[in-house]
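[1] just coords:
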């Protein structure tokens, strides 16, 4: 079985079917970006433009979005991010010093807001201490509330590191292709992609985004 060919062919077929996805969506692009997906309302996607994030503010927003996205839909994350922006809290130092009640109210749409408040505070302290440096995967995984999927989302989309993101849609797709079973761990699936595809963050971003779009459309059907 030629895994490389199977995964490459799947990527090509999804890209032909759904087009370039342009993840990660950003609030700054909401009025001038587009939404290539059939799901969600945000228009801050940027297909074929891999220059984002272009600054610290955009990078921090992506990191917060990855944490807020845990166990909820992206539409709820959008609401939380917009609420944080309206309070000028998409800034690490402002968020760290902000009153707890204000933050809790802002992120309420994302659900599990008490836990996510703590996760955001812990991450923000870590982020400020980085002082612009790229975090290691181990350092991120050592933070409370940051699991492998959130960690790799941050590294892939905020820092353009070649870390493949594995989610429920990924597992479902690979099981349907008879490439994995329930015994496979997160790292097993991650390595399957990373060992059989070019180490290219642009491709990893598109591949993950396409898997999500495929999963959403199939779920709707």
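    Noted; the coordinates are in hand. These numbers were taken from a predicted model, which means no experiment stands behind them.
[2] for the chain, longest helix please?
    Once the chain is assigned using DSSP state H, the helix that runs over the most residues is helix 201-220.
[3] Other residues contacting it?
    11, 14-15, 17-18, 20-24, 37-39, 50, 156-157, 160-165, 167-170, 172-173, 193, 197 (Cβ atoms under 8 Å, 6 or more residues apart in numbering). The way it works is simple: take the backbone N, C-alpha and C, and place the C-beta from them, glycine included.
[4] One more: stretch 177-192?
    Residues contacting stretch 177-192 (Cβ under 8 Å, 6+ apart): 3, 6-7, 10, 148-149, 152, 163-164, 166, 170-171, 174-175.
[5] Format these as a markdown table; extra columns: neighbour count.
    Listed next are the contacts of stretch 177-192 as a markdown table, based on neighbours: other Cβ atoms under 10 Å:
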| residue | neighbour count |
| --- | --- |
| 3 | 13 |
| 6 | 15 |
| 7 | 19 |
| 10 | 18 |
| 148 | 18 |
| 149 | 18 |
| 152 | 24 |
| 163 | 24 |
| 164 | 22 |
| 166 | 24 |
| 170 | 23 |
| 171 | 18 |
| 174 | 21 |
| 175 | 13 |
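[6] mind putting those residues in CSV, secondary structure included?
    Listed next are the contacts of stretch 177-192 as CSV, based on DSSP: H, G, I helix; E, B strand; the rest coil:
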residue, secondary structure
3, helix
6, helix
7, helix
10, helix
148, helix
149, helix
152, helix
163, coil
164, coil
166, coil
170, helix
171, helix
174, helix
175, helix
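[7] Now the buried members of the contacts of helix 201-220.
    The neighbour count (16 or more other Cβ atoms under 10 Å) marks 11, 14-15, 18, 20-24, 37, 156-157, 160-165, 167, 169-170, 173, 193, 197 as buried among those.
[8] Run through the helices of the protein in chain order.
    Going by DSSP H, the chain shows helices at 3-18, 56-68, 74-86, 92-97, 100-107, 113-130, 137-141, 148-153, 168-176, 186-196, 201-220.
[9] Out of the ones you listed, flag the one nearest residue 45.
    For those, proximity to residue 45 was assessed by Cβ to Cβ; helix 201-220 is nearest, at 8.8 Å.
[10] Now do that closest one and helix 186-196, the angle between them.
    Using axes from the mean of the first three to the mean of the last three Cα atoms, to 10 degrees, the direction of helix 201-220 lies 120 degrees away from that of helix 186-196.
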